[in-house]
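Trainee: The sequence and its predicted three-dimensional model are supplied below.
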Amino acid sequence: MRLIALLFLLISPFSAALAADDFRPVIIYETGEDGDRAFIDMMKKGAQRARSEVGIDYQEARLPQGSDRTAFIKQVAESGVTHIIAVGFQNVVPVLALAEQHPEVKFTVIDGIVPPLFQNVQSIVFKDQEGAFLVGMIAGYLSPTNKIGFIGGMDVPLINNFALGFFQGARYANPDVEMLRDNVGDTPLAWSNPERAKTLAKKQFNNGVGVIFAAAGGSSVGVLEAAEEMGRFAIGVDTNQNGLFPGTVLSSMVKRVDKAVYDTLTNGFSGRWEPGIKYLGIRENALDYAVDVNNKNLVTKQVIDKVEDAKDRIIRGLIVVESYEPM
C-alpha cells in the first residue's frame, strides 16, 4: 500500500507536502443511514480503498433529511475544500447553481449529467441500460412465468434507463415476456423505504411475476426480502447482493460506483482531474452481473454462456442497448 502511495506521489505534479496540503476533498451523499447495502456502500468502498491504498484523506458530509440541498453544498464549498464529490443525480441542479460562484472548488457529480459549461465541473455517468440488459437476459431466460417485474426508486430518467435496458435484455432472451413496473415514491425518501418496496414486490408476485429487478437504492432490499418470503426470485442492484438472501437472488447488477469514486479521488490527488462528462459502461468494466457461490446453482451454464456472448457483443458494438430519452 505504501508503494502505491509513493507511486502516486512520484507521478503527481505536486510535491508530497503540497499534495497533502492542497487536496481537501469532501464526499456529499444522502441516505437514511450510514450505508444502504447498495449504491452508498459502493461509494464508501471506493473512498476507503483510496484511503488505504494511496493514503488520501477525505471527509464525508451526509445531507440531513429534509435539508436544502443547494444551501448545504454551498456551505461545504465555502468551508475551504478543494474538491466536492456529490453522489447522486439529485445534485445536478445545485452544482449548476454553485459552480460559477465557486471556481476555486472542483465539483464531480456521480450519476448525473451537468452540462459541460464550467471548467470546474465533472460528470460521471453510467450506461446503466447495458448492465440492466444483462440481468434482464437472466430474468427472461429463468423466470418461471412470462411476466417479469421492475421496481424503481423514482420515475426519473436514471431509473427509466434501468427499466428500459432490463426490458430489452429480457425480450432478447424471451420475445414473449411482459413487464410490470412500479416506483417506490416521488421524493428522495424513495431510496430508503424498503417496506414500501416490499409491499410493491408482493403485489407484483401475486400478479404472476416470476422475477423482479430492484433498482431503488436502499429500498431494493425490501424487494429481495419479499422474494425470499414468497419463494420467488429477485435481482439485486449496485453491489453484489446475492448473499443477502441465498437461493432467491438470481443475480445482481453490479454498478462500479466504487471505481468512479476511487478514480475521482486519485485523479484529484495526482493533479489529473479533468472537467467534462465521462461515460462508463461494460466496456470500461463499470457494469456487470454477479455470479458467485450464492447463486451458482440458480443460473445455469447455458444461461451464463448466452449472457457472456451478449456482453461481448455489447463491448464490440454488435449489440447497442437503447438508452432512455425523455420526451
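Mentor: That came in fine, so what should we check first? Residues are numbered from 1 along each chain as shown.

Trainee: Residue ranges in this structure under the pLDDT threshold?
Mentor: Scanning the chain with the threshold set as pLDDT under 70 gives 1-21, 32-35.

Trainee: Which segments of it make up each domain?
Mentor: Under the assignment automatic domain parsing, the domains of the chain span 2-126+257-280, 128-255+297-315.

Trainee: Could you give the separation of the first one from the chain centroid?
Mentor: This means domain 2-126+257-280. Domain 2-126+257-280 has its C-alpha centroid displaced from the chain centroid by 15 Å (CA atoms, centre = their mean, to the nearest Å).

Trainee: quick revisit: most packed of the domains of the chain?
Mentor: Highest mean neighbour count among those (mean count of other CB atoms under 10 Å): domain 128-255+297-315, with a mean of 22. From N, CA and C alone the C-beta is placed, and that goes for glycine too.

Trainee: about what we covered before: V291 is nearest to which of the domains of the chain?
Mentor: Of all those, domain 128-255+297-315 sits nearest to V291, with 5.9 Å by CB to CB.

Trainee: still on that earlier bit, CSV for the domains of the chain, including distance to L287?
Mentor: Below are the domains of the chain laid out as CSV (distance: least, CB to CB, whole Å):
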stretch, distance to L287
domain 2-126+257-280, 6
domain 128-255+297-315, 3
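
Trainee: where exactly do the helices run in the stretch 151-300 of the chain?
Mentor: Using DSSP state H, counting those that start in this stretch, the helices found in the stretch 151-300 of the chain span residues 157-173, 194-206, 220-230, 257-269.

Trainee: Between those helices, which one is closest to E325.
Mentor: Closest to E325 of these, according to CB to CB: helix 157-173, at 8.5 Å.

Trainee: who does that closest one touch, helix- and strand-wise?
Mentor: helix 128-142, strand 147-152, strand 178-183, strand 211-215, helix 301-315 (3 or more CB pairs under 8 Å, 6 or more residues apart in numbering; DSSP states H and E).

Trainee: so it versus helix 128-142, what angle?
Mentor: Calculated by axes from the mean of the first three to the mean of the last three CA atoms, to 10 degrees, helix 157-173 forms an angle of 40 degrees with helix 128-142.

Trainee: And the residue lying closest to A50 once chain neighbours are set aside, how close does it get to S143?
Mentor: Among residues not flanking A50 along the chain, L265 sits closest, at 4.1 Å (CB to CB, 6 or more residues apart in numbering). From L265 across to S143, the span is 40 Å (CB to CB, to the nearest Å).
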